[in-house]
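Undergrad: Structure of the sequence below:
(2 chains)
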Amino acid sequence: MSERWTAGRVVARGNLTGAILPREGDIAMRLTGSEIFLKCLQSEGVHTVFGHPGGVILHTYHVLLDYPIHHILCRHEQTAIHAVEGFYKASGRTGTAIVTSGPGATNTITGLTDALMDSMGIVVFTGQVPTAVMGCDAFQEADVVGTTRTCTKHNFLASKTEDLPRIIKEAYYIARSGRPGPVLVDLPKDVIMGRAEFAGYPSAVSIRSYNPSVNGHPGQIRKAAELIAAARRPVIYGGGGIIHADASPELTEFVNLTQIPTTLTLMGLGALATSHPLWLGMLGMHGTYAANMVMAHADLMIAIGARFDDRVTGRLSEFAKNCKIIHVDIDPTSIRKNVHVDVPIVGDVKRVLTQLNAEVAKCSRDWRSDLEEWYGQIAEWQRAHPLRYQQRPDGAILPQFAIDEIYKASEAHDPVVSTGVGQHQMWAAQYYRSRGPRNWLTSGGLGTMGFGFPAALGAQAAFPDRLVIDIDGDGSFQMTMQDLATCVQYNLPVKIFIINNRYLGMVRQWQELFYGGKYSQVDLEVQPDFVKLAEAFGATGLRAALPSEVRPVIEKAIATPGPVVVDLVTAREENCFPIIPAGCALKDIIDEGEPIPEKLFQGWR
Amino acid sequence: MTDPKHYRKHIVSVLVENHQGVLARIASLIAAKGYNIDSLSVAETLDPSVSRMTLSLHGDEWVIEQAVKQLHRLIDVIKVIDLTDEEHIGREMVFVRVNAEPANRAEILRINEIFRGRIVDVTPTSYTLELTGEEKKVGAVLELLQPFGIQEIVRSGTLAIARGSKSLPKREEVRMRVAGRKQATGE
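TA: Numbers count the residues shown, from 1 in each chain, chains lettered A, B, ... in the order given. Predicted coordinates:
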């Protein structure tokens, strides 16, 4: 905790407290909703919350000063939610945010949707106008439960103070169990200011309508093992579910047992060490050539905690046409949603992999020699189409080179790495080459620009002593950069590297490749001076404009205490390859230097 | 993957927690996912904390499987059963207000009798019929009444129950609850 935070806290207490809190022994254990809420958070083990106060949630913020809960005041509710997501994904602990009603609550919608798409276990508490005036268009009223119904895993309206302990218990349970997701609790002002008996935080939770299955069906496990034992061209395709289930060791064991080549989605990166000999690289739209060709030619896909997103499958009618699919997922709706599945296994990825490992261990197959031909084919693809870039010493800084240098300079620190959304995100996925599980924070499903910086802030709050890096785009960073103030206030020493091409790079790339090179609204002609900007917030600003400056500047940033913004001025019109154009089949993948087929043109000529 | 050629009608029973906002959750889901629903009816069950919904929707195998799973994923949904391929009884109720000119009154009454309906309201110029039956039967009655001039119809949407001794909430539980209530009321 920073000096600054502690000081602010003491001053505020002197000014504010005393009026509302009951004297000890006053009304025995009849507590206000705010007190019950905060006691419940304590029992839930919540030490850090992110948020922003406002009118109807004032009472809770007033009481908050008397609880040992570290509150990080974000400068926008959207960043508070992304910070909570970063906190959750990096630490595995359910994240918590508190915001006010109306605009406070509606500002969380992007974050909630992002969290829903990427299965982030977070709980968001929103203030609400008093129950008596709900529905009357009161000041700062919004129908939050209604608005967030489809962007949360579940939401609650607390209508009575005495319901709070049960609702809070259920909220945390639902957020982290099964397929994790965001849960919202709407707290009307009269509910948090009213009093009720508090008999303690419930020790158990029982929701008759919610019992996510955990173990895989033994019969299905056996069927899967049979398919695996018979496959000649198998591939393991893992996703974010492995990270959420902390099943990286089980996956590694599975890969070692079966010797099956493995690829991971953007969300799954980190689940298998990149040094593993069977690692194929990421798959999907900007995945490696080899990983996508393996998917296109496999006779068996073992999908684990992944959901066959369109960025992975390409054109569905061409996907897995002559391929059997085993699909392990905790969410039954993910199975047979987009593609046919031969052996569905619903269950917790960690448990199912443990069961599956036990089953394949019984199999007396000589995996390596059986898959020899397959390995040979894969090696050929890898040789012909590696990830590559060519940095000229006197040319403009290539973004790939910049990220490669960030990787080389920081790898030894085992950092948490976050990204925004766009070209830099894909290059970071390709060129930040090693990472452990939970060390990679990126917005996959929703593709939320502006995610990277606040997510890094949240991860840093979870791990104050670790190196946390945000590899960001100049466009993405400008969406949430106001929270530099938050980083400075709480001394969260995030290192932000802006891959600055002064373009909305990914959109520009599509306009170049698929819209005849007509650039529409992608040139960020006017930009802040990011070095001065950092200084204006009280952070450190650095810049590199030449390839030779890149490494020293990165090293200096890592060595500098406190938050640092590094402006890496890069080549403007570099394109991200390989690319599977939207709507194309995997085998239509286009590598660097290959022509773009005329049929992919999407504009007017 | 879905193909309208393979669309067919499904009757899905859904047991849900009987609290505020649950209907809205189901409706939001159906709207967001674009499922085609023909009717939806809801009411409390023997257990007042549980409501039962009967959804009539059409789609191919993939759509229906997803719809059932998606419904089940909602936290407030206790149970989802697709009754379509099980032995079940499906009925719909309809009110029809039809023009009844003196010359046609006898004929309308005859149709009503054939279909075992009831006349629930009479004016000098109209009859209001109450009819219950399978969707086909309701359709046939409406077709027969069409020539007289139908002023208004109100349909309940399909209600369905499985045949035999199986029931959605386990029969045992229901018996216990009924027994409990009888004891409580001194019956």
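
Undergrad: Torsion angles phi and psi at B:L131?
TA: Backbone geometry at B:L131, expressed as degrees, to the nearest 10, gives phi -130, psi 140.

Undergrad: contacting residues for it?
TA: B:93-94, B:96, B:112, B:115-118, B:137-138, B:141 (CB atoms under 8 Å, 6 or more residues apart in numbering or on different chains). Every residue, glycine included, has its C-beta placed from N, CA and C.

Undergrad: now A:M285
TA: When contacts are counted by CB under 8 Å, 6+ apart, A:M285 touches A:311-312, A:314, A:426, A:579-580, A:582.

Undergrad: That one falls within a helix, correct?
TA: No. In this structure, A:M285 is coil, not part of a helix, as judged by DSSP: H, G, I helix; E, B strand; the rest coil.

Undergrad: Distance-wise, check it relative to chain B.
TA: The span separating A:M285 from chain B equals 20 Å under the rule CB to the nearest CB, to the nearest Å.

Undergrad: so A:L73 sits right up against A:Q489, yeah?
TA: Yes. Using CB atoms under 8 Å, A:L73 is in contact with A:Q489, at 7.1 Å.

Undergrad: still on that earlier bit, output the contacts of B:L131 as a markdown table; include the columns pLDDT.
TA: Formatted as a markdown table, the contacts of B:L131 follow (pLDDT from 0 to 100):
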| residue | pLDDT |
| --- | --- |
| B:M93 | 95 |
| B:V94 | 96 |
| B:V96 | 97 |
| B:N112 | 96 |
| B:F115 | 95 |
| B:R116 | 95 |
| B:G117 | 96 |
| B:R118 | 96 |
| B:K137 | 93 |
| B:V138 | 93 |
| B:V141 | 94 |
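
Undergrad: Redo these as JSON lines? Include neighbour count.
TA: Listed next are those as JSON lines, based on neighbours: other CB atoms under 10 Å in any protein chain shown:
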{"residue": "B:M93", "neighbour count": "16"}
{"residue": "B:V94", "neighbour count": "21"}
{"residue": "B:V96", "neighbour count": "24"}
{"residue": "B:N112", "neighbour count": "21"}
{"residue": "B:F115", "neighbour count": "17"}
{"residue": "B:R116", "neighbour count": "10"}
{"residue": "B:G117", "neighbour count": "21"}
{"residue": "B:R118", "neighbour count": "11"}
{"residue": "B:K137", "neighbour count": "16"}
{"residue": "B:V138", "neighbour count": "22"}
{"residue": "B:V141", "neighbour count": "21"}
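
Undergrad: ok so, going back, report the buried members of the contacts of A:M285.
TA: Buried members of the contacts of A:M285, counted by 16 or more other CB atoms under 10 Å in any protein chain shown: A:311-312, A:314, A:426, A:579-580.

Undergrad: and those, which two are the farthest apart?
TA: Of all pairs drawn from these, the greatest distance, 15.7 Å, lies between A:G314 and A:M426 (CB to CB).

Undergrad: how would you label B:T54: helix, strand or coil?
TA: At B:T54 the chain is in strand, as set by three-state DSSP.

Undergrad: That one and B:I75, how far apart?
TA: With distances taken as CB to CB, to the nearest Å, B:T54 is found 21 Å from B:I75.

Undergrad: before we move on, back to that, could you tell me which of the contacts of B:L131 are located in strands?
TA: In strands, defined here by DSSP state E, the members of the contacts of B:L131 are B:93-94, B:96, B:118.

Undergrad: Closest one to A:I167 out of those, please.
TA: Distance to A:I167 across the ones in strands among the contacts of B:L131 (CB to CB) is lowest for B:M93, with 38.5 Å.

Undergrad: Distance-wise, check the closest one relative to chain A.
TA: For B:M93, the distance to chain A equals 29 Å [CB to the nearest CB].

Undergrad: what sits against the closest residue to that residue other than its chain neighbours?
TA: Of all residues not flanking B:M93 in the chain, B:S156 sits nearest, at 4.3 Å (CB to CB, 6 or more residues apart in numbering or on different chains). Residues counted as contacts of B:S156 (CB under 8 Å, 6+ apart) are B:39, B:41, B:92-94.

Undergrad: what do you get for A:C487?
TA: When contacts are counted by CB under 8 Å, 6+ apart, A:C487 is found next to A:457, A:460, A:493-494, A:537, A:539, A:563.

Undergrad: Check A:I558 too.
TA: Applying CB under 8 Å, 6+ apart, we find A:I558 in contact with A:409-410, A:413, A:467, A:495.

Undergrad: between these, which has the most around it?
TA: A:K495 (25 neighbours; other CB atoms under 10 Å in any protein chain shown).

Undergrad: my guess is it meets A:G562, correct?
TA: No. Applying CB under 8 Å as the test, A:K495 and A:G562 come out as separate, 9.8 Å apart.

Undergrad: one step back: among the ones in strands among the contacts of B:L131, find me the one that's closest to chain A.
TA: Set against chain A, the nearest of the ones in strands among the contacts of B:L131 by CB to the nearest CB is B:M93 (28.9 Å).

Undergrad: Show me the beta-bridge partners of that closest one.
TA: B:T132 (DSSP bridges).

Undergrad: Likewise for the one 5 residues further on?
TA: With DSSP bridges as the criterion, B:V98 is bridged to B:Y127, B:I150.

Undergrad: can you tell me which residues contact the nearest residue to B:F115 once chain neighbours are set aside?
TA: Spatial nearest neighbour of B:F115, chain neighbours left out: B:V141 (5.1 Å); criterion: CB to CB, 6+ apart. B:V141 is in contact with B:94, B:96, B:111, B:115, B:117, B:129, B:131, B:133, counting by CB under 8 Å, 6+ apart.

Undergrad: just so I have it, where are all the helices in chain B?
TA: Taking DSSP state H, the helices of chain B run over residues B:22-33, B:61-73, B:105-114, B:135-145, B:171-185.

Undergrad: now the angle from the first one to helix B:61-73?
TA: Compare the direction of helix B:22-33 with that of helix B:61-73 by axes from the mean of the first three to the mean of the last three CA atoms, to 10 degrees and you get 150 degrees.

Undergrad: Please identify the residues of chain A in proximity to chain B?
TA: Within reach of chain B by CB under 8 Å from any CB of the partner chain, chain A has these residues: A:145-146, A:149-150, A:153-154, A:157, A:174, A:207-210, A:316, A:331-333, A:336-339.

Undergrad: Let's see that with 6 Å instead.
TA: Counting by CB under 6 Å from any CB of the partner chain, chain A comes close to chain B at A:149-150, A:154, A:209-210, A:332-333.

Undergrad: any idea whether the closest residue to chain B within the stretch 251-400 of chain A is helix, strand or coil?
TA: Closest contact between the stretch 251-400 of chain A and chain B, by CB to the nearest CB, is at A:T333 (4.4 Å). Following three-state DSSP, A:T333 is assigned to helix.

Undergrad: Which pLDDT value does the model give the nearest residue to it once chain neighbours are set aside?
TA: The spatially closest residue to A:T333, leaving aside those adjacent along the chain, is B:K69, at 4.4 Å (CB to CB, 6+ apart). Reading off the confidence values, B:K69 has pLDDT 95.

Undergrad: B:K69 reaches A:D331, doesn't it?
TA: No. Contact between B:K69 and A:D331 fails when scored by CB atoms under 6 Å: they sit 8.6 Å apart.
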